[in-house]
Structure formats: C-alpha cells, structure tokens
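> I'd like to go over a predicted model; first the sequence, then the structure.
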Amino acid sequence: TQLLEQSPQFLSIQEGENLTVYCNSSSVFSSLQWYRQEPGEGPVLLVTVVTGGEVKKLKRLTFQFGDARKDSSLHITAAQPGDTGLYLCASAGGTSYGKLTFGQGTILTVHP
Amino acid sequence: NAGVTQTPKFQVLKTGQSMTLQCAQDMNHEYMSWYRQDPGMGLRLIHYSVGAGITDQGEVPNGYNVSRSTTEDFPLRLLSAAPSQTSVYFCASSYTTGSDQPQHFGDGTRLSIL
C-alpha cells in the first residue's frame, strides 16, 4: 500500500493570506487527486493530476504535480473563510482499480 | 439526482450487536467502496466491488462483510460490533475502476459502539 504523507496537519490563518499544503510519497503516483471535505459531508473531488510537472488552476487554487510524480502541492491564494475545511490527497498508486490511499488530511481554518 | 445515499446517518450500538450500513447509488457506477474515517488517519479502505457479484478486501477488512447483488447497492455489515469500530463510514462510487476516476462519496454514517 502506498503511503501518503500530508503536511501540515493543521493550518490556521487569517483571511487574505496564502497557504500551501503538501502531499508526498516514496513511491511514484500513477495519478493523484485532491479532495475537500466539509463537516458532516463526504469528500468532494477538486482535481485530478496525471502528468509529471502538471499544473492545474481552479479559481484561487493551484495544484502542482511533481516532475517525478512523487509529490504534489495545493496552493491557495488570498484564502477566504469559505475555504475552511479538510483537504485530502489521494492516490491509487500503480493499480488500475480505484483503491484509493488517502493522506492524513490538512484541517484548514480561515479566520475573517 | 441523488448520487450516493447512505443510511442511517447516525447509529449507536452496544458491543456484540450486528448491523448493516446501507449504500445506494443511482449513477450506474461499476465501482463501489467503503471507507472508514478516524481522526488523524484520513480514510482507510475496508472493502470494494468492481461490479455486481464481485467484492474484495481493502486495507482494514476485519470485522466487516459486504455483498454486491445489484449494481446500485453495496451494504456493509458489522458482524459483532466492537468499540474499535467506532468511526465515520463513507461509501463511494465511480463510473469505472480507472485509477484517475473521480470518487463520489455519500455523506457518511456516524457509528458509535458502546
């Protein structure tokens, strides 16, 4: 089973600040997904990255996939209170099934 | 469009009791799975199914059974509940089994074992 190390575990910032969340593995990712989860709900997919070096943007969120496909980052610009939630990275490793392995998650709190 | 529906939303059990967590999806998805979520541990895969009649074990299968008699339904059965099974359980589905397929999650069942 591929292990995903996610950091930091907690982030508490003020509205308007920037932040970055990291997801690392000792193994190569076949692809990597980022999910966001709000209290009382299930995770919701934000993005899937597949190609080494890939960068995807979703409004104020920027996702990067490392060249070696062993790490990924999520950067949020000018965070807003609505960004508060649990951010999870997940990967199916080298398998063809959707047997996702999840990182421990990053709990983000954005204060007004 | 209901997506993935889990019932019940909350449940309290006594040690040794059995129960079934229900999961249904209306998207004609091939792949369905069950995860448990515990603080500081992300989500861990319990069991999964790649189609009706086919199931397999995930990372933490002990104490749980599953069946997949139809495409739509994938119930998770706790055989004899233990306090260590106190957790939030999520069912997920995806259209196919590709590693880049987006997983659609239900809203979870919060289970407490006393």
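Great, that's in hand.
> where does residue A:27 land on pLDDT?
For residue A:27, the model assigns a pLDDT of 87.
> in what helix or strand does it lie?
Per DSSP states H and E: residue A:27 is located in neither a helix nor a strand.
> for it, grab the count of nearby residues.
By other C-beta atoms under 10 Å in any protein chain shown, 15 other residues sit near residue A:27. Every C-beta, even on glycine, is put in place using the N, C-alpha and C of the backbone.
> pretty sure it is in contact with residue A:68, am I right?
No - here residue A:27 does not reach residue A:68: they are 10.6 Å apart, not a contact under C-beta atoms under 8 Å.
> give me the below-cutoff pLDDT ranges for chain A.
Across chain A, residues meeting the criterion (pLDDT under 70) sit at A:1-2, A:93-98.
> how close does residue B:4 get to residue A:66?
31 Å (C-beta to C-beta, to the nearest Å).
> quick test: name the residue nearest the centre of chain B.
The centroid of chain B falls nearest to residue B:34 when counting by C-alpha atoms, centre = their mean (2.8 Å).
> residue in chain A with the shortest distance to chain B?
Of all residues in chain A, residue A:42 sits closest to chain B, at 3.0 Å by C-beta to the nearest C-beta.
> helix/strand/coil for that residue?
When classified by DSSP: H, G, I helix; E, B strand; the rest coil, residue A:42 comes out as coil.
> how about it: what's its closest non-neighbour residue?
In space, residue A:42 comes closest to residue B:105 once its chain neighbours are excluded; the distance is 3.0 Å by C-beta to C-beta, 6 or more residues apart in numbering or on different chains.
> name the element residue B:35 belongs to?
Using DSSP H and E, residue B:35 sits within strand B:31-37.
> so what touches the following helix or strand past that strand?
Using DSSP H and E, the next helix or strand after strand B:31-37 towards the C-terminus is strand B:43-51. With C-beta atoms under 8 Å, 6 or more residues apart in numbering or on different chains as the test, strand B:43-51 has contacts from A:43, A:88, A:90, A:97-102, B:30-38, B:55-61, B:64-66, B:68, B:71, B:74, B:76, B:89-90, B:97.
> so does stretch B:66-86 get close to chain A?
No - Stretch B:66-86 stays clear of chain A (C-beta under 8 Å from any C-beta of the partner chain), getting no nearer than 13.3 Å.
> give me the buried positions along that stretch.
Within stretch B:66-86, the residues scored as buried using 16 or more other C-beta atoms under 10 Å in any protein chain shown are B:66-68, B:71-72, B:74-76, B:78, B:81, B:85-86.
> again, but for stretch A:24-32
A:24-25, A:29-32.
> kindly format the C-alpha coordinates of that stretch as CSV.
Taking Å, rounded to 0.1, in the frame of the first residue of the first chain, the C-alpha atoms of stretch A:24-32 are listed here in CSV:
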residue,chain,number,x,y,z
ASN,A,24,4.5,13.3,-0.6
SER,A,25,5.2,9.6,-1.2
SER,A,26,8.2,7.4,-1.5
SER,A,27,6.5,5.7,-4.5
VAL,A,28,5.5,7.1,-7.9
PHE,A,29,1.9,8.1,-8.2
SER,A,30,0.0,6.9,-11.3
SER,A,31,-2.3,9.9,-10.7
LEU,A,32,-3.2,12.0,-7.7
